[in-house]
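no sequence on this one, just coordinates:
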Ligand SMILES: Cc1cc2nc3c(=O)[nH]c(=O)nc-3n(C[C@H](O)[C@H](O)[C@H](O)COP(=O)(O)OP(=O)(O)OC[C@H]3O[C@@H](n4cnc5c(N)ncnc54)[C@H](O)[C@@H]3O)c2cc1C
């Protein structure tokens with residue numbers, strides 16, 4: 001057991017930190033206010049190998065692991081959760097190609113993602129199917145030379161800017177098992193019958209693209225199927241076992257960034273003739289935050305390391321994600337508290353971090369869903 005990052009991982013961390021400081025910091029507030037991100041940022045990140053670090057080298061990726069991906073995302077989220085989210089989301093769902101795709105799909109869809117030339121997303125959630133993914137009703141009905149897709153999805157990352165999405169759809173509605181009714185398809189967004197509307201008014205992560213999507217008689221070739229027909233639910237669960245591990249890193253980054261902002265503030269602010277940092281109450285708050293962050297990071301790295309060793313563990317991954325999300329919510333709450341009233345205004349970065357945190361307990365599985373998974377593993381059969 002080794003709790004130290006190796007030299008290469010430390011170098012990656014340093015490079016990601018420098019990129020975040022140089023490219024994200026100064027534009028973050030405006031991107032949040034204007035609900036936008038500069039497309040050239042994605043290109044730059046791609047050129048430096050920061051997008052989907054787990055994409056194998058033969059498909060244009062950095063050929064690293066989920067641990068390295070998590071290290072990079074922590075650095076991005078530390079500086080700005082909104083742009084960090086956008087930089088993560090561009091390859092969101094590409095795991096489906098890597099795990100289950102054909103050689104043709106891998107060659108066609110992975111290289112443009114790694115270089116930042118294209119963005120993608122994973123469309124799972126529907127207006128009437130959120131946590132209960134297997135009730136998704138967007139249909140992919142088989143026709144002579146492929147499938148025809150109808151239905152709608154909501155809250156989908158990169159719906160309006162993605163070149164393609166992977167879509168979880170009902171292909172076998174009559175199968176007795178609810179877990180064998182769905183399949184996963186790649187949908188190119190310039191296909192007739194695809195429509196997306198950007199959703200405005202998100203509480204946080206406002207720089208990132210989130211959309212509602214409509215499929216009306218959208219025709220898909222047979223080759224659009226990823227993996228095995230009817231096994232989409234299992235393929236989706238394997239995706240979550242990976243994505244939740246690096247979404248945990250989002251929480252670690254947000255919490256670390258919020259604590260860093262709080263430390264800077266308390267070292268400068270004087271009340272009662274003393275720096276706020278000199279109150280023991282402040283020191284205790286910082287001690288609690290630092291300890292929680294260290295624990296969250298350790299569990300996140302454990303989940304990612306297991307994945308990289310081919311020992312995917314849904315329990316550990318769910319623990320890491322649930323814990324990091326709670327850590328982020330609680331740490332940013334105290335970080336804002338230490339800013340006093342100033343933290344309530346949007347010229348202070350901590351305000352943006354505070355608004356961003358809650359989503360971590362909602363997406364990639366609401367915290368209750370993670371508790372269900374952990375509970376099942378720990379309790380076993382009864
Ligand atoms: C900013 C943002 C980005 C997103 N990006 C994407 C994306 O790219 N792709 C995508 O497919 N989706 C995306 N989502 C959707 C997200 O995954 C869903 O919001 C999430 O899965 C929860 O579904 P829901 O919102 O329908 O809540 P519901 O399923 O309606 O649940 C509401 C609440 O009920 C409780 N609950 C539900 N089921 C149970 C249960 N079995 N036991 C106990 N409590 C339960 C939980 O507290 C839960 O929070 C995004 C959401 C947001 C906010």
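Yep, that arrived. Note that this is a predicted model, so its numbers are computed, not measured. Numbers count the residues shown, from 1 in each chain.

Now do the same for the residue sitting furthest away from the middle of the chain: its pLDDT.
Most distant from the centre of the chain: residue 273, at 43.7 Å, with distances by C-alpha atoms, centre = their mean. Per-residue pLDDT puts residue 273 at 98.

what does residue 382 give?
86.

if I look at it, how far off is residue 212?
41 Å (C-beta to C-beta, to the nearest Å). (C-beta placed from N, C-alpha, C; glycine too.)

Between these two, which has more neighbouring residues?
residue 212 (19 against 3; other C-beta atoms under 10 Å).

Could I get the contacting residues of that one?
Residues in contact with residue 212 (C-beta atoms under 8 Å, 6 or more residues apart in numbering) are 152-156, 159, 196-197, 199.

quick one on the thing from earlier: quick check: the residue farthest from the centre of the chain vs residue 61, distance?
Going from residue 273 to residue 61 by C-beta to C-beta gives 56 Å.

What of residue 300?
According to C-beta to C-beta, residue 300 stands 21 Å off from residue 61.

neighbour count winner among these two?
residue 300 (34 against 23).

The more buried one belongs to a helix, doesn't it?
Yes. Judged by DSSP: H, G, I helix; E, B strand; the rest coil, residue 300 forms part of a helix.

Not counting sequence-adjacent ones, nearest residue to it?
residue 248 (4.1 Å; C-beta to C-beta, 6 or more residues apart in numbering).

same check, this time on residue 69
residue 53 (4.3 Å).

these two touch, right, the one you found and residue 75?
No. Using C-beta atoms under 8 Å as the test, residue 53 is too far from residue 75 to be in contact (11.8 Å).

Now do stretch 33-53: distance from first to last residue.
29 Å (C-alpha to C-alpha, to the nearest Å).

So which bits of it are buried?
35-37, 41-42, 45-46, 48-53 (16 or more other C-beta atoms under 10 Å).

From residue 49, how far out is residue 19?
From residue 19 to residue 49 the distance is 10 Å (C-beta to C-beta).

And for residue 361?
Distance from residue 361 to residue 49, by C-beta to C-beta: 30 Å.

now do residue 266
Applying C-beta to C-beta to residue 266 and residue 49 gives a distance of 36 Å.

Show the secondary-structure elements that the host helix or strand of residue 167 is packed against.
Assigned by DSSP states H and E, residue 167 belongs to strand 164-170. Judged by 3 or more C-beta pairs under 8 Å, 6 or more residues apart in numbering; DSSP states H and E, strand 164-170 is in contact with strand 120-123, strand 139-143, strand 146-157, strand 182-188, helix 232-268.

Name the next helix or strand downstream of the fourth one, please.
Proceeding C-terminally, strand 182-188 gives way to strand 194-198 as the next helix or strand, assigned by DSSP H and E.

who's the residue nearest to residue 188 when sequence neighbours are not counted bridged to?
Of all residues not flanking residue 188 in the chain, residue 164 sits nearest, at 4.9 Å (C-beta to C-beta, 6+ apart). Judged by DSSP bridges, the bridge partners of residue 164 are residue 120, residue 188.

so residue 164 makes contact with residue 189?
Yes. If you go by C-beta under 8 Å, residue 164 and residue 189 touch, sitting 6.2 Å apart.

The protein against the ligand: which residues are in contact?
Contact residues, the chain versus the ligand (C-beta under 6 Å from any ligand atom): 121-125, 130-131, 155-157, 202, 205, 210, 359, 362-363, 366, 368.

again, only this time at 5 Å
124-125, 130-131, 155-157, 359, 363, 366, 368 (C-beta under 5 Å from any ligand atom).

Nearest to the ligand: which residue in the stretch 1-150 of the chain?
residue 130 (1.7 Å; C-beta to the nearest ligand atom).

Need phi/psi at residue 26.
Here the main-chain torsion angles of residue 26 (degrees, to the nearest 10) amount to phi -70, psi -20.

And the one 10 residues further on, by the same measure?
Taking degrees, to the nearest 10, you get phi -150, psi 170 for the backbone angles of residue 36.

Spit out the contact partners of residue 37.
By C-beta under 8 Å, 6+ apart, the neighbours of residue 37 are 31, 82-83, 86, 207-209.

per-residue pLDDT, the residue nearest the centre of the chain?
For the chain, the residue sitting closest to the mean C-alpha position, by C-alpha atoms, centre = their mean, is residue 247 at 4.7 Å. For residue 247, the pLDDT comes out at 98.

Identify the residue spatially nearest to it, adjacent ones excluded.
The nearest residue in space to residue 247 (C-beta to C-beta, 6+ apart) is residue 364, at 4.5 Å.

Validate this expectation: that neighbour resides in a strand.
No. According to three-state DSSP, residue 364 belongs to no strand; its state is coil.

so how many other residues sit close to the residue of the stretch 1-150 of the chain closest to the ligand?
Residue 130 has 17 nearby residues by other C-beta under 10 Å.

quick one, phi psi at it?
According to degrees, to the nearest 10, residue 130 has phi -110, psi -100.
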